[in-house]
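# kindly generate the corresponding structure for this input.
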Amino acid sequence: MARTKSYLMKKEKIQPLDGPVSLEEAVRRIKLVAREWESVDIAVRLAVDPRKADQNVRGTLTLPHGTGRTPRVAVFAKGEKVAEARDAGADLVGLEEIIEQVNEGVIDFDVAIATPDVMKEVSKAAKILGPRGLMPNPKSGTTTFEVATAIKEFKAGKLSIRVEKAGIVHVTVGKGSFEERQLVENIEYLLAEIIRLRPASTKGQYIRSIAVSTTQSPSVRVNPLGY
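Residues are numbered from 1 along each chain as shown. As a prediction, the model looks like this:
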């Protein structure tokens, strides 16, 4: 894929020639090219096989400094829970109509919450929601009857983390406007949680690689040996 002149200039400016660097150095380099509005993202590759049930890393956390953005929350519900979700600030509330939109490729939300009694209907969109990390699940706190509480928690910065098919966890850890210290602390908090969720069946070096980037920049690799 052809890269833009701007991308290549950023790559020359921030990518080290001598391999992975410390987390602090990676964040410093990213800040050199990050625009205030850009998301700062991290990709952590783990020594797990997500196809195995006992190696499927999944959890939730709230970063110390948040992510710098308020996610759009969709709620799959019916009956009295519809009004509860709307009153709690959900951006999208319903059931069949949202499922239909999703199956048509329209996904205008960042978090999906569902009450347990509608999960059979929501499963109709599982093939689309699942690969995007949006399928409601009790382990991530997104399948619950406590709809108002869940909405408020995710609006306040609660994140779902899950390992994808390639064994990688992708998470937004802040914005370009964050201070270096805030980004480092957010990333260290995330890595500590990923380590806490380490499956007992994994062997050897658990975290294989770490890469930090912004929305429109190359990534900077972080030395994973310290983790």
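# so which residue is smack in the middle of this protein?
Among the residues of the chain, V171 comes closest to the average C-alpha position under Cα atoms, centre = their mean, at 3.4 Å.
# mind listing what the nearest residue to A43 once chain neighbours are set aside touches?
Once its chain neighbours are removed from consideration, A43 has its nearest residue in A211; the separation is 4.8 Å (Cβ to Cβ, 6 or more residues apart in numbering). C-beta here means a position set from N, CA and C on the backbone, and glycine is covered the same way. Contacts for A211 (Cβ atoms under 8 Å, 6 or more residues apart in numbering) come out as I42, A43, S219, V220, R221, V222.
# which helices and strands does the helix or strand the first one falls within pack with?
Translated: I42. Counting by DSSP states H and E, the secondary-structure element that holds I42 is strand 39-46. Judged by 3 or more Cβ pairs under 8 Å, 6 or more residues apart in numbering; DSSP states H and E, strand 39-46 is in contact with strand 168-175, helix 180-196, strand 207-214.
# now the helix or strand A83 falls within: mean pLDDT?
Taking DSSP H and E as the criterion, the element that holds A83 is helix 80-87. Per-residue pLDDT over helix 80-87 has a mean of 96.
# who does the next helix-or-strand element following the strand holding I42 pair up with?
Helices and strands here follow DSSP H and E; after strand 39-46, the next one along the chain is strand 58-62. Applying DSSP bridges to the sheet, strand 58-62 is found paired with strand 158-162 (antiparallel).
# how many neighbours does K52 have?
The number of residues packed near K52 is 10, by other Cβ atoms under 10 Å.
# ignoring the adjacent residues along the chain, who's closest to it?
Using Cβ to Cβ, 6+ apart and skipping the chain neighbours, the partner closest in space to K52 is S201 (7.5 Å).
# what does F154 give?
Once flanking residues are discounted, F154 sits nearest to V111: 4.8 Å by Cβ to Cβ, 6+ apart.
# A85 too?
When the adjacent residues along the chain are set aside, A85 lies closest to V75, with 3.9 Å between them (Cβ to Cβ, 6+ apart).
# give me the element that neighbour is part of.
Under the criterion of DSSP H and E, V75 resides in strand 73-76.
# which strands or helices does that strand pack on?
With contacts defined as 3+ Cβ pairs under 8 Å, 6+ apart, strand 73-76 has these neighbours: helix 80-87, strand 92-94, helix 96-103, strand 111-114, helix 147-155.
# for P50, which of the ones you listed is the nearest?
Taking Cβ to Cβ as the criterion, P50 comes closest to strand 111-114 out of these, the separation being 19.6 Å.
# give me the mean pLDDT for the closest one.
Within the predicted structure, the mean pLDDT of strand 111-114 is 96.
# pull the distance from whichever helix or strand comes after that strand to the chain's centre.
Per DSSP H and E, strand 111-114 leads on to helix 119-122 as the next helix or strand towards the C-terminus. When C-alpha coordinates are averaged (Cα atoms, centre = their mean, to the nearest Å), helix 119-122 and its chain have centres 23 Å apart.
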